[in-house]
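> Fold the following.
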Amino acid sequence: MRLRFSLCVAVSIVGWAALAVAAKPVAATATQGCSAITIRSAVTRFVTAYNTGASPQLDALFARAPEFRWYSAGQPGVRVGSDAYRRDTLLSYFRDRYRHRDRLRLLSLRFNGNSNGFGNFESRFERRATDYRGGKPFHLIGKGAAICGSAEGFISAKVRVIVMSLGSPEPT
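This next block holds a predicted model:
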């Protein structure tokens with residue numbers, strides 16, 4: 001009985017200590033690295049925000065300058081060249097695509113690990129839009145990179161997408 005009580009106390013102390021450490025503020029850095037879970041969550045949030053036209057959520061998900069590098073897309077709604085590098089036009093681009101009922105469905109996601117402080121990923125989507133192929137769905141490959149750090153100084157992952165490219169439709 002005494003041993004069981006001591007074991008419960010020890011487990012409780014360790015649990016509380018772990019909570020105290022987890023709640024301790026830490027500085028957000030790009031070197032903390034991303035995980036497959038944080039990247040999947042970010043891409044899922046992107047798809048949801050993109051499909052619902054949620055500009056505030058899209059704005060929060062993408063890094064600001066100087067971290068932001070580019071967002072590019074093939075047809076429909078081509079965004080390439082110098083336009084792809086402009087963070088200041090990104091939300092208006094997303095609003096335009098929403099007006100065309102441009103929708104994405106994540107088919108697969110692969111986390112490719114961290115390099116140079118960025119979490120790298122590739123994805124496969126189903127996409128459809130009223131201004132392309134009569135709204136018929138098609139598949140495409142995407143890629144991206146993100147910085148993962150702490151949000152508001154606490155240990156809760158904050159992901160800032162710095163690169164995302166949605167390719168052109170795959171040949172059928």
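
> From here on, just use CA atoms for contacts and neighbour counts.
Fine.

> what number of residues lie near the closest residue to residue 148 other than its chain neighbours?
Leaving aside its sequence neighbours, residue 148 sits nearest to residue 159 (Cα to Cα, 6 or more residues apart in numbering; 4.5 Å). As a burial measure, the neighbour count of residue 159 was computed by other Cα atoms under 10 Å and equals 26.

> Residue 45 now?
Taking other Cα under 10 Å as the criterion, the count of residues near residue 45 is 15.

> if we can go back for a sec, could you tell me what pLDDT the model assigned to the residue nearest to residue 148?
Looking at residue 159, its pLDDT stands at 92.

> Also the one 3 residues further on?
With respect to pLDDT, residue 162 scores 97.

> The residue nearest to residue 148 reaches residue 147, doesn't it?
Yes. The pair residue 159 / residue 147 is scored as a contact, 5.7 Å apart, by Cα atoms under 8 Å.

> quick one: the most centrally placed residue in the chain from residue 82, how far?
Computing the C-alpha centroid of the chain and ranking residues by Cα atoms, centre = their mean puts residue 42 first, at 2.7 Å. With distances taken as Cα to Cα, to the nearest Å, residue 42 is found 25 Å from residue 82.

> before we move on, what SS does residue 160 have?
strand (DSSP: H, G, I helix; E, B strand; the rest coil).

> Any buried residues in stretch 91-110, and which?
Buried residues in stretch 91-110, counted by 16 or more other Cα atoms under 10 Å: 91, 94-95, 97-98, 100-106, 109.
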